[in-house]
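Engineer: Need a 3D model of the sequence below.
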Amino acid sequence: PVNFTCGSFSDPYEYLGDIDCAFVFSSCMTSELMAELSAAFGRHCKPGTIVITTEFPLILEGVIEPLEDDKDMPFGPYQIDLVENL
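Structural biologist: Numbering: from 1, shown residues only. Here you go, the predicted model:
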């Protein structure tokens with residue numbers, strides 16, 4: 001089944017861990033938004049998740065800082081593997 005969800009990837013409580021494949025129309029996104037999106041995928045997504053972007057790529061490596069009031073939220077370094085670049 002396909003599920004569409006309306007939410008904000010800049011909200012760390014918007015859970016993205018169930019995603020198998022995501023398409024992001026990134027043509028109008030700023031570099032700051034792409035950084036937030038990259039951190040959201042890095043925080044929640046399981047290995048093997050496929051993310052397709054249009055104009056701008058995700059940031060492939062980074063460090064997610066712990067949330068001040070929630071030490072149970074995942075944090076730390078993340079790495080996204082680039083499979084193909086067209």
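Engineer: For this structure, just list every one of the helices.
Structural biologist: Along the chain, counting by DSSP state H, helices occupy 31-44.
Engineer: helices or strands next to the lowest-mean-pLDDT helix or strand in it in the packing?
Structural biologist: None of the helices or strands of the chain scores lower by mean pLDDT, DSSP states H and E than strand 21-24, at a mean of 90. With contacts defined as 3 or more Cβ pairs under 8 Å, 6 or more residues apart in numbering; DSSP states H and E, the packing partners of strand 21-24 are strand 50-53. No exception for glycine: its C-beta is placed from N, CA and C like everyone else's.
Engineer: Swap in 10 Å and give it another go.
Structural biologist: helix 31-44, strand 50-53 (3 or more Cβ pairs under 10 Å, 6 or more residues apart in numbering; DSSP states H and E).
Engineer: what's near enough to touch D72?
Structural biologist: By Cβ atoms under 10 Å, 6 or more residues apart in numbering, D72 lies in contact with P66.
Engineer: what sits opposite I52 in the beta ladder?
Structural biologist: F23 (DSSP bridges).
Engineer: residue contacts, it?
Structural biologist: I52 makes contact with 21-26, 83-84, 86 under the criterion Cβ under 10 Å, 6+ apart.
Engineer: buried subset of those?
Structural biologist: Buried members of the contacts of I52, scored by 16 or more other Cβ atoms under 10 Å, are 24, 26.
Engineer: ok, which pair from the contacts of I52 is furthest apart?
Structural biologist: Distance extremes for those: the farthest pair is F25 and V83 at 19.0 Å, using Cβ to Cβ.
Engineer: quick one on the thing from earlier: and the helices and strands packed on strand 21-24: which comes nearest G17?
Structural biologist: The nearest among these, by Cβ to Cβ, is helix 31-44 at 4.4 Å.
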